[in-house]
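1. here is the input, now give the coordinates:
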Amino acid sequence: MSLNWYSEDIRIGILGGGQLGRMLLQEAIDLNIHLHCLDPDKYAPCASIAHSFTVGSLTDYETVLEFGKDKHLISVEIENVNIEALETLENTGIKVFPQPHVLRSIKDKGLQKNFYKENNIPTSAFTLIENKAELLEKVHYPIVHKLRTGGYDGRGVNVLNNAEEAQNSFDAPSILEEKVAFVKELSVIVARNESGQTKAFPAVECEFNPEANLVEFLFAPAEISSEIEKKAEALAISVIEKLGMVGILAVELFLCADGTLLVNEIAPRPHNSGHHTIECNVTSQFAQHLRAILNLPLGSTEIMQAGAMINLLGEKGFEGKAHYDGLEKALEIPGVYPHIYGKEITKSFRKMGHVTIVDINIELVKSKAKKVQRLIKVISK
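-> Residues are numbered from 1 along each chain as shown. I've put the predicted structure just below:
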């Protein structure tokens, strides 16, 4: 990019003002990069720290067009945005990264699965369906039922084990996926800049909360062989190169017992599975995203210390002004780094923050992480 990105005259727009945007802003400040955010929530985490903050719909054509027309570059922190407006802006010469055609392919999980199939990217077997009638006609149990669009943070995914669960599932365009018998869920964050340089972060291992369908623990590095690590990195780089995407991409993978890796889903933005990079890696995923979209040299992805990440979710049954019970006790433990997202109101399973835990090896990290998880509870008072 031939612009002085550190000048106040260079306006970079971010669609979305949530916690991902907040952490992106924290990295941008160090390089004097001025980020301007659009979000429908006037109390969004970015509202108080963005260079400017606009309240408005991310899915409304005119709102996105008006927000973007005076920007030099636009990026996103969420996929559910108006693609047509971004295409119009791109056609006027404004850079949009990730590119609108990439967002269109990924936003619709059906198009995403077809992209894997057309590009010989290994993924689970799937069928596209239009409604519940097709679901009931074609289903065999167990099966994974996913909405094609609109799913986020664990919503829009149902594992169906019987006819009763199928009756209560989505009646909308969706995907039926074979339920994979995996041994580990992995994630690789990969970046690509406009010049085509790519770099992947070491794979991490994810453990999910079965009720909320959200990551409960993330461990870095993943306990996998060097051979599997190389395969995962190569697969992630292959995906971003075949997309031709500029920016940062999270590639979620299933590791099967025979060593096979299958791509589950991808996300074209900083991702929950990369939060640990702030403390654990030479370059964080947020700094890397900025480097990628500004066509700067990509930073080292080397891991400096073992780490775990715990999502701080609103406790089930609590709604109201957030209180972080046990946080002070957790801060007494060396190597504990809380990140509170600035959301005033907690709800059941709402992402309110995360904690990164570091130590000299993964065994110590895991022990400490379990203790921290027991200590901190997000409740309302």
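
2. which residue is the nearest non-sequential neighbour of Ser300?
-> Val282 (4.0 Å; CB to CB, 6 or more residues apart in numbering). Just so you know, the C-beta spots here come from the backbone N, C-alpha and C atoms, and that holds for glycine as well.

3. dump the residue contacts of that neighbour.
-> Residues near Val282 by CB atoms under 8 Å, 6 or more residues apart in numbering: 299-302, 304.

4. need the max-distance pair from those.
-> By the measure CB to CB, Gly299 and Met304 form the most distant pair in those, at 12.4 Å.

5. neighbour count winner among these two?
-> Gly299 (17 against 12; other CB atoms under 10 Å).

6. which residues touch that one?
-> So Gly299 contacts 199, 282-283, 287-288, 291 (CB under 8 Å, 6+ apart).

7. what of Gly150?
-> Counted by CB under 8 Å, 6+ apart, Gly150 has contacts 80, 156.

8. and it, which of the three is it?
-> State at Gly150, reduced to three classes by DSSP: H, G, I helix; E, B strand; the rest coil: coil.

9. how far away is it from Val157?
-> Counting by CB to CB, to the nearest Å, the gap from Gly150 to Val157 is 11 Å.

10. which residues touch the residue nearest to Thr59 when sequence neighbours are not counted?
-> Sequence neighbours aside, Asn82 is the residue nearest to Thr59 in space, at 5.2 Å (criterion: CB to CB, 6+ apart). Contact analysis of Asn82 by CB under 8 Å, 6+ apart lists 58-61, 63-64.

11. what's the separation between Asn82 and Glu66?
-> 11 Å.

12. for Arg22, same thing?
-> On the measure of CB to CB, Arg22 and Glu66 end up 23 Å apart.

13. more neighbours: those two, which one.
-> Arg22 (24 against 14).

14. wait, the more buried one touches Ser48, no?
-> No: counting by CB atoms under 8 Å, Arg22 does not reach Ser48; the two are 9.4 Å apart.

15. overlap in contacts of the two?
-> Joint contacts of Arg22 and Ser48 (CB under 8 Å, 6+ apart) are Gly342.

16. about what we covered before: as JSON lines, the contacts of Val282 with pLDDT and distance to Leu86 would be great.
-> What follows is those, written out as JSON lines (pLDDT from 0 to 100; distance: CB to CB, whole Å):
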{"residue": "Gly299", "pLDDT": "98", "distance to Leu86": "26"}
{"residue": "Ser300", "pLDDT": "98", "distance to Leu86": "31"}
{"residue": "Thr301", "pLDDT": "98", "distance to Leu86": "28"}
{"residue": "Glu302", "pLDDT": "98", "distance to Leu86": "34"}
{"residue": "Met304", "pLDDT": "97", "distance to Leu86": "36"}
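
17. give me the residue at the spatial middle of this protein.
-> Residue closest to the average C-alpha location in the chain (CA atoms, centre = their mean): His271, at 2.5 Å.

18. tell me the contacts of that residue?
-> Neighbours of His271 in contact, by CB under 8 Å, 6+ apart: 20, 187, 189, 248, 250, 285.

19. let's see which of those residues end up in strands.
-> 187, 189, 248, 250 (DSSP state E).

20. now the helix or strand Phe208 falls within - C-alpha only, PDB.
-> Using DSSP states H and E, Phe208 falls within strand 204-209. Written as PDB, here are the backbone C-alpha positions of strand 204-209 (Å, rounded to 0.1, in the frame of the first residue of the first chain):
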ATOM      1  CA  VAL A 204      -3.900 -24.800  18.400                       C
ATOM      2  CA  GLU A 205      -6.200 -27.300  20.000                       C
ATOM      3  CA  CYS A 206      -9.700 -26.400  20.900                       C
ATOM      4  CA  GLU A 207     -12.100 -27.900  23.500                       C
ATOM      5  CA  PHE A 208     -15.800 -26.900  23.200                       C
ATOM      6  CA  ASN A 209     -18.500 -26.200  25.800                       C
END
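
21. got the buried residues for that strand?
-> 204-206 (16 or more other CB atoms under 10 Å).

22. quick one: low-confidence parts of the stretch 1-150 of the chain?
-> Filtered on pLDDT under 70, the stretch 1-150 of the chain yields the residue ranges 1-3.

23. where do the strands of it begin and end?
-> Secondary structure of the stretch 1-150 of the chain (DSSP state E, counting those that start in this stretch): strands at 12-15, 35-39, 52-55, 73-76, 95-96, 126-129, 143-147.

24. which one of those strands lies nearest to Glu233?
-> So among those, strand 73-76 is nearest, using CB to CB, at 23.7 Å.

25. which phi and psi values does Asn168 adopt?
-> Main-chain torsions, Asn168, degrees, to the nearest 10: phi -90, psi 10.

26. so for it, what pLDDT did the model give?
-> Per-residue pLDDT puts Asn168 at 92.

27. CA atoms only: put the host helix or strand of Met352 into PDB for me.
-> Of the helices and strands defined by DSSP H and E, Met352 is found in strand 351-359. Below are the C-alpha coordinates for strand 351-359, written out as PDB (Å, rounded to 0.1, in the frame of the first residue of the first chain):
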ATOM      1  CA  LYS A 351     -18.800 -13.700  25.300                       C
ATOM      2  CA  MET A 352     -17.700 -11.100  27.900                       C
ATOM      3  CA  GLY A 353     -14.000 -11.500  27.700                       C
ATOM      4  CA  HIS A 354     -11.200 -14.000  27.700                       C
ATOM      5  CA  VAL A 355      -8.200 -14.900  29.800                       C
ATOM      6  CA  THR A 356      -4.800 -16.000  28.500                       C
ATOM      7  CA  ILE A 357      -2.700 -18.200  30.700                       C
ATOM      8  CA  VAL A 358       1.000 -18.700  30.000                       C
ATOM      9  CA  ASP A 359       3.800 -20.800  31.500                       C
END
